[in-house]
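Trainee: Provided below for reference: sequence and predicted model.
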Amino acid sequence: MESFRFDEAAAAADEALVLSRASRHAIGCAQSEVTARMIAYRRATPLRADLGWIDALAELNVAALEALTCTTEASFAFRAGDVELARDLALRAQRTWAAVGERAGGLLLVSALAIACTPGGCSPDEAAALGRRALECSTPGVGVQALGLLAPWLDAGALDAARVAALAAQVPLQHWHLRIDILSVDEALSRLRHAHARIRCSAP
């Protein structure tokens, strides 16, 4: 999935679901279904947030899966224009990621999404702190998505165009048009250019 090989990823998720059901492995079933929803989002399948699925998954008491699910369902709500629901789910994911000490970028992303869906956004200090984390993020695709979500609240002077370009280059150019966790690279750069005209990231 992270390599944008969605057909292979979907087939693997389907196989894992069959095996998990056969062995009555509830967490394995949940992980397979969570992955399938993530793939559907990245394929731009027009689905809506499934609150019942989140509640059912929460009963397994696996925090990382709950956080992943809330992130994906928040993304579906964001795409559907339901920003209030997207914010609520992003905040739930934020609390869950924080509780498990997530370090790979999930917490950064949902924090940025919650701000993007909040009327008035956030304070300059909060935007600056998250912006610094985004610029330093080594997980491919995460930093540039976070910057795109935060774009209206970031100080243009703190945005190093070369560093933004380096973050975008973490993702192969041929995949820039495809959704990642929330945004595609193209969408993130477009939001940055709209908010800060001097940012002119292009293909390396």
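Mentor: Received the coordinates, thanks.

Trainee: what residue lies at the spatial centre of this structure?
Mentor: residue 181 (3.1 Å; C-alpha atoms, centre = their mean).

Trainee: what sits against the closest residue to that residue other than its chain neighbours?
Mentor: If the residues on either side of it in the chain are set aside, residue 181 comes closest to residue 109, at 5.5 Å by C-beta to C-beta, 6 or more residues apart in numbering. C-beta coordinates here come from the backbone N, C-alpha and C atoms, glycine included. By C-beta atoms under 8 Å, 6 or more residues apart in numbering, residue 109 lies in contact with 71, 142, 145, 146, 149, 181, 182.

Trainee: hang on, residue 100 packs against residue 66?
Mentor: No: under the criterion of C-beta atoms under 8 Å, residue 100 is not in contact with residue 66, lying 9.5 Å apart.

Trainee: For stretch 107-123, list the C-alpha coordinates in PDB.
Mentor: Included here for stretch 107-123 are C-alpha records, laid out as PDB according to Å, rounded to 0.1, in the frame of the first residue of the first chain:
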ATOM      1  CA  LEU A 107      -0.100  12.100  15.400                       C
ATOM      2  CA  LEU A 108       1.400  15.000  13.400                       C
ATOM      3  CA  LEU A 109      -1.100  14.300  10.500                       C
ATOM      4  CA  VAL A 110      -4.200  14.100  12.600                       C
ATOM      5  CA  SER A 111      -3.200  17.200  14.600                       C
ATOM      6  CA  ALA A 112      -2.800  19.100  11.300                       C
ATOM      7  CA  LEU A 113      -6.100  17.700  10.000                       C
ATOM      8  CA  ALA A 114      -8.000  18.700  13.100                       C
ATOM      9  CA  ILE A 115      -6.700  22.300  12.700                       C
ATOM     10  CA  ALA A 116      -7.600  22.400   9.000                       C
ATOM     11  CA  CYS A 117     -11.200  21.400  10.000                       C
ATOM     12  CA  THR A 118     -11.500  23.900  12.900                       C
ATOM     13  CA  PRO A 119     -13.000  27.300  12.400                       C
ATOM     14  CA  GLY A 120     -10.200  29.800  12.900                       C
ATOM     15  CA  GLY A 121      -7.500  27.100  12.700                       C
ATOM     16  CA  CYS A 122      -5.000  27.500  15.500                       C
ATOM     17  CA  SER A 123      -2.600  30.000  17.100                       C
END
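
Trainee: mind listing what's buried in it?
Mentor: 107, 108, 109, 110, 111, 112, 113, 114, 115, 116, 117, 122 (16 or more other C-beta atoms under 10 Å).

Trainee: Mind checking what helix or strand follows the host helix or strand of the residue nearest to residue 181 in sequence?
Mentor: In this assignment (DSSP states H and E), residue 109 forms part of helix 106-116. Once helix 106-116 ends, the next helix or strand along the chain (criterion: DSSP H and E) is helix 124-136.

Trainee: could you give the angle of whichever helix or strand comes after that following helix to helix 106-116?
Mentor: Reading on from helix 124-136 to the C-terminus, the next helix or strand found by DSSP H and E is helix 142-150. Between the direction of helix 142-150 and that of helix 106-116, the angle (axes from the mean of the first three to the mean of the last three C-alpha atoms, to 10 degrees) works out to 10 degrees.
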